[in-house]
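Participant: Sequence first, then the predicted structure, then my questions.
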Amino acid sequence: MRSKSVRTTKPAIKPESQLKSFVAKFDPEHQTIIRDARKILRRRFPTANELVYDNYNFFVIGYCSTERPSDCIVSIAAAANGVGLSFYYGASVPDPHKLLLGSGRQNRFIRLESAQVLEHPEVRTLITAAADQGKNPLAKTGAGKLIIRSIAAKQKPRRKKR
């Protein structure tokens, strides 16, 4: 007599479902900015890999030419106080309009009051400059992958305290 097999592992959660659950932790207005910014950046970088981090301080979606974070061009970075576009090597990106914030040795960012900020000509120029300075160029064809890189067990609240 054969015994019935019993599944002892949970089925894997699909990355897209995980991503949706991460975004759902935010206030509705921030959810909208994150989703809309992602659509704009996917159209802009269809071959980029999306590296997702749901870390202690920030939720991040990085757009990278490879699976390495050091090949990141830009990232959507969100916390309870808002959403921004982070430029991984922003300190070396030409910024004639002085839009980039931050004073670190490497990273710079802009705040996103809406995803439409990404369509402003000055911001599009910054994004193009960031992509052009990458050591590993984006693939000309194909589609990027959605890769969940890390999920922190403990996180700062994703919504503002009311």
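Facilitator: Noted; the coordinates are in hand. Numbers count the residues shown, from 1 in each chain.

Participant: nearest residue to residue 44 other than its sequence neighbours?
Facilitator: Spatial nearest neighbour of residue 44, chain neighbours left out: residue 127 (6.8 Å); criterion: CB to CB, 6 or more residues apart in numbering. Where you see a C-beta, it was placed from the backbone N, CA and C, and this is true even at glycine.

Participant: With residue 34 as the reference, measure out to that neighbour.
Facilitator: Between residue 127 and residue 34 the computed distance is 17 Å (CB to CB, to the nearest Å).

Participant: Bridge partners for the spatially closest residue to residue 84 that is not a sequence neighbour, pull those for me.
Facilitator: Spatially, and ignoring its direct neighbours in sequence, residue 84 is nearest to residue 109 (4.5 Å; CB to CB, 6+ apart). Note on residue 109: beta-bridge partners by DSSP bridges are residue 86, residue 101.

Participant: measure residue 109 to residue 143 for me?
Facilitator: Residue 109 is 27 Å from residue 143, where distance means CB to CB.

Participant: Likewise for residue 46?
Facilitator: 6 Å.

Participant: Give me the number of neighbouring residues for residue 44.
Facilitator: By other CB atoms under 10 Å, 17 other residues sit near residue 44.

Participant: Please save the CA atoms from the top strand by length along the chain in CSV.
Facilitator: Assignment by DSSP state E gives strand 72-79 as the longest strand of the chain. Provided in CSV are the C-alpha atoms of strand 72-79 (Å, rounded to 0.1, in the frame of the first residue of the first chain):
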residue,chain,number,x,y,z
CYS,A,72,21.9,50.6,-10.2
ILE,A,73,20.9,53.7,-12.2
VAL,A,74,18.1,55.0,-10.2
SER,A,75,15.8,53.8,-7.4
ILE,A,76,12.4,54.5,-6.1
ALA,A,77,12.9,54.9,-2.3
ALA,A,78,9.9,55.2,0.0
ALA,A,79,9.4,55.7,3.7
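
Participant: and that strand, which strands flank it?
Facilitator: The pairing partners recorded for strand 72-79 under DSSP bridges are strand 59-64 (antiparallel), strand 82-87 (antiparallel).

Participant: Turn those strands into a markdown table, columns for distance to residue 14, mean neighbour count and mean pLDDT.
Facilitator: Output for the strands paired with strand 72-79, formatted as a markdown table (distance: least, CB to CB, whole Å; neighbours: other CB atoms under 10 Å; pLDDT from 0 to 100):
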| stretch | distance to residue 14 | mean neighbour count | mean pLDDT |
| --- | --- | --- | --- |
| strand 59-64 | 16 | 24 | 97 |
| strand 82-87 | 24 | 23 | 97 |
